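> here are the coordinates; sequence isn't available:
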């Protein structure tokens, strides 16, 4: 089950990839590889109106650094403040609205050019 990555890929457009220096859209494996190479401590994104603490920045950085892309078929356990959604918001310079069981999680990038919208429940993630 790769619905998390499928939803991300469906939401990103060619212009978004140019933001990170790519001229073509990426498949799941390559997107994860690029995100891992662009992994940084979040500086421009707030989550639900709250700044990310230095400790949390380090934890999110480590989560992405240690992510095993060979296990994506087992699904991505998306957290309420998800490391990959933070990084995607940061590097692609987008806002993200993630509706989980009718509770909205808001990732706001001060440099955002647009907003990506997603929803999920206990077993599935999709682009709105």
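Perfect, I can see it now. This is a predicted model, so every value here is computed, not measured. Residues are numbered from 1 along each chain as shown.
> tell me what the host helix or strand of residue 117 is packed against?
Using DSSP states H and E, the secondary-structure element containing residue 117 is strand 115-120. Here strand 115-120 is seen to pack against helix 3-11, strand 95-100, strand 125-127 when contacts are counted using 3 or more CB pairs under 8 Å, 6 or more residues apart in numbering; DSSP states H and E. In short, each C-beta sits where N, CA and C put it, glycine included.
> Serialize those to CSV and add fields for mean pLDDT and distance to residue 33.
Below are those laid out as CSV (pLDDT from 0 to 100; distance: least, CB to CB, whole Å):
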stretch, mean pLDDT, distance to residue 33
helix 3-11, 96, 12
strand 95-100, 97, 21
strand 125-127, 97, 20
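> out of those, flag the one nearest residue 85.
Proximity of the helices and strands packed on strand 115-120 to residue 85 was assessed by CB to CB; the nearest stretch is strand 95-100, lying at 5.3 Å.
> give me the helices and strands touching the closest one, please.
Based on contacts counted as 3+ CB pairs under 8 Å, 6+ apart, the elements that strand 95-100 packs against are helix 83-92, strand 103-109, strand 115-120.
> pick the most buried one from the ones you listed.
Most buried of the helices and strands packed on strand 95-100 by mean neighbour count (mean count of other CB atoms under 10 Å) is helix 83-92; its value is a mean of 23.
> quick one: contacts of that one?
With contact meaning CB atoms under 8 Å, 6 or more residues apart in numbering, helix 83-92 is reached by 4, 8, 12, 16, 19-20, 35, 38-40, 42-45, 47, 52, 59-60, 63-64, 67, 76, 78, 94-96, 98, 105, 107-109, 112, 116.
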